[in-house]
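*Asks:* One predicted model, sequence on top.
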Amino acid sequence: MLFESLNIIEPILKSIKEEGYITPTPIQVQAIPIILKGVDLIGCAQTGTGKTAAFAVPILQLLSANKSFDKKRKIRSLIVTPTRELAIQIEESFNAYGRYTGLTCTVVFGGVNQNPQTNILRQGVDILVATPGRLLDLMNQGYISLKDIEIFVLDEADRMLDMGFIHDVRRIIAALPQKRQSLFFSATMPPEIVKLAGTIVYKPVKVEVTPSASTVDIVNQFVYFVDKGNKNALLLDLLKDTKIKTALVFTRTKFGADKVVKVLNKKNITAEAIHGNKAQNARQRALSSFKAQTTRVLVATDIAARGIDVDDLEYVINYEIPNISETYVHRIGRTGRAGANGTAISFCDAEEKEYLRDIEKLITKRITIIEDHQYPLIDNNPVKAPKQQRGAHNRPRSFTQKALVPDRRNSRR
């Protein structure tokens, strides 16, 4: 199927072609026609499957059908998303797909001086992309009115809940006109998110292109059992492999991210951290360097990583396993995007075994164990021994080998 078959208007089709897109993704195939009908939608799809275009393209088309440039523009569509990085990327997508529509889009987020943002808002915009805190702040100051919103999008809804934005989201919804089209997108749909969706959308059509909380099939997933004190040494050992041109490394805390960067820099491995304590310009500079491969390793916390979209990123390393299973799905979704190859490697210490079991239960898949390495776990917190032990002849030698171990061979710890 081609984009032309989705009844997209010529100005947007022209932009899509210039961006190099020919074939729509499954979420785009299903969501775009529904949104163009003007009905509410709940979309569930893995990260990296094209959700932004799935709502940006039809929003641009719907707004283009009723343009009025003879007066000050009013905000007609609002997209709320959890992080600065993701907000910036969504705005870039709207501007790219809508370059020939005459519609304007801007983004507002915290952590930077508000004056450049308010100057643009005074001129009037059609589409606003915003993070919750800055949006509410500018609403309270009188710079933003939501009374003319025709289409509202809540993106990455599950992360909104994880980050504690639920009260902000409710305040934003209360300021919206009752008559509107609402679009609700999330990579996972736990019960809390389904309950939140019920307060936003009205008689929605649900589009789910992959099972909730499933991981990208093409991503190869491996786990190393290692003592916490040896994780730095194991990371350095893995990065000796020249096949790893770039790697996105996840830690649970900002402090942990900075510590890993120091360890890598001392060994002449170019690395930068990206987290909430970093200034916005520093975060964007670090991300740009990583995309350009002048920085080999980007170390990120989960909140800051939302919105990281790097073409051909092959390696994600969970330096620390997340204690929320759905977070694992988001992390490994940074690789294997748009059908590309991807490898996700996790370091699991004794205290994290419980997290790993929860993840495997969620994704209904056992993650391949790499046993043959220099820093095996000396387990001071043993769990119940497995009924069968894997023989030495079944041990995979390296995660870079193409044929590792079939799932049927995976013994448990």
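*Replies:* That came through, no problem. Numbering: from 1, shown residues only.
*Asks:* so Lys245 sits right up against Thr295, yeah?
*Replies:* No. Using C-beta atoms under 8 Å, Lys245 is not in contact with Thr295; the gap is 11.2 Å. (Glycine included, C-beta is placed from N, CA and C.)
*Asks:* Between these two, point out the one with more neighbours.
*Replies:* More crowded of Lys245 and Thr295, by other C-beta atoms under 10 Å: Thr295, with 18 against 12.
*Asks:* I figured the more buried one hits Thr270, correct?
*Replies:* Yes. Under the criterion of C-beta under 8 Å, Thr295 is in contact with Thr270, at a separation of 5.0 Å.
*Asks:* which residues are common contacts for these two?
*Replies:* Shared contacts of Thr295 and Thr270, defined by C-beta atoms under 8 Å, 6 or more residues apart in numbering, are not found at any residue.
*Asks:* and Phe94, what is it in contact with?
*Replies:* For Phe94, the contacting residues are 56, 59-60, 105, 127, 129, by C-beta under 8 Å, 6+ apart.
*Asks:* Can you name the two of these that sit furthest apart?
*Replies:* Spatial extent of the contacts of Phe94 (C-beta to C-beta) is set by the pair Leu60 and Val129 at 12.9 Å.
*Asks:* Counting neighbours, what do you get for Thr23?
*Replies:* Close neighbours of Thr23, defined as other C-beta under 10 Å, add up to 9.
*Asks:* Put the alpha carbons of stretch 282-301 into CSV.
*Replies:* Output for stretch 282-301, consisting of C-alpha atoms alone and laid out as CSV, is shown next (Å, rounded to 0.1, in the frame of the first residue of the first chain):
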residue,chain,number,x,y,z
ALA,A,282,23.1,20.6,26.4
ARG,A,283,20.7,17.8,25.9
GLN,A,284,20.1,18.7,22.3
ARG,A,285,23.8,19.0,21.7
ALA,A,286,24.4,15.6,23.2
LEU,A,287,21.7,14.0,21.1
SER,A,288,23.0,15.7,17.9
SER,A,289,26.5,14.5,18.6
PHE,A,290,25.2,11.0,19.1
LYS,A,291,23.2,11.0,15.9
ALA,A,292,26.3,12.2,14.0
GLN,A,293,28.3,9.4,15.7
THR,A,294,30.8,11.8,17.1
THR,A,295,29.7,10.6,20.5
ARG,A,296,29.8,6.8,20.7
VAL,A,297,27.8,6.2,23.8
LEU,A,298,24.8,8.2,25.1
VAL,A,299,23.8,7.4,28.7
ALA,A,300,20.2,8.3,29.5
THR,A,301,17.6,8.0,32.1
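*Asks:* Going by neighbour count, list what's buried in that stretch.
*Replies:* Applying a neighbour-count criterion of 16 or more other C-beta atoms under 10 Å, one finds 283, 286-287, 290-291, 295-301 buried in stretch 282-301.
*Asks:* And stretch 359-378, by the same measure?
*Replies:* Using 16+ other C-beta under 10 Å, the residues of stretch 359-378 that count as buried are 359-360, 362-363, 366-371, 373, 375, 377.
*Asks:* Any stretches of the stretch 51-200 of the chain with poor pLDDT?
*Replies:* Counting by pLDDT under 70, the stretch 51-200 of the chain contains low-confidence residues at 67-71.
*Asks:* For it, just list every one of the helices.
*Replies:* 51-64, 84-97, 115-123, 132-140, 157-162, 166-174, 191-198 (DSSP state H, counting those that start in this stretch).
*Asks:* Tell me which of those sits nearest to Pro26.
*Replies:* Nearest to Pro26 among these is helix 51-64; the distance by C-beta to C-beta comes to 9.5 Å.
*Asks:* All the helices of the stretch 301-413 of the chain, residue numbers only.
*Replies:* Counting by DSSP H, counting those that start in this stretch, residue ranges of the helices within the stretch 301-413 of the chain are 302-305, 325-332, 353-363.
*Asks:* Next, format the ones you listed as JSON lines and append mean pLDDT.
*Replies:* What follows is these, written out as JSON lines (pLDDT from 0 to 100):
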{"stretch": "helix 302-305", "mean pLDDT": "65"}
{"stretch": "helix 325-332", "mean pLDDT": "81"}
{"stretch": "helix 353-363", "mean pLDDT": "89"}
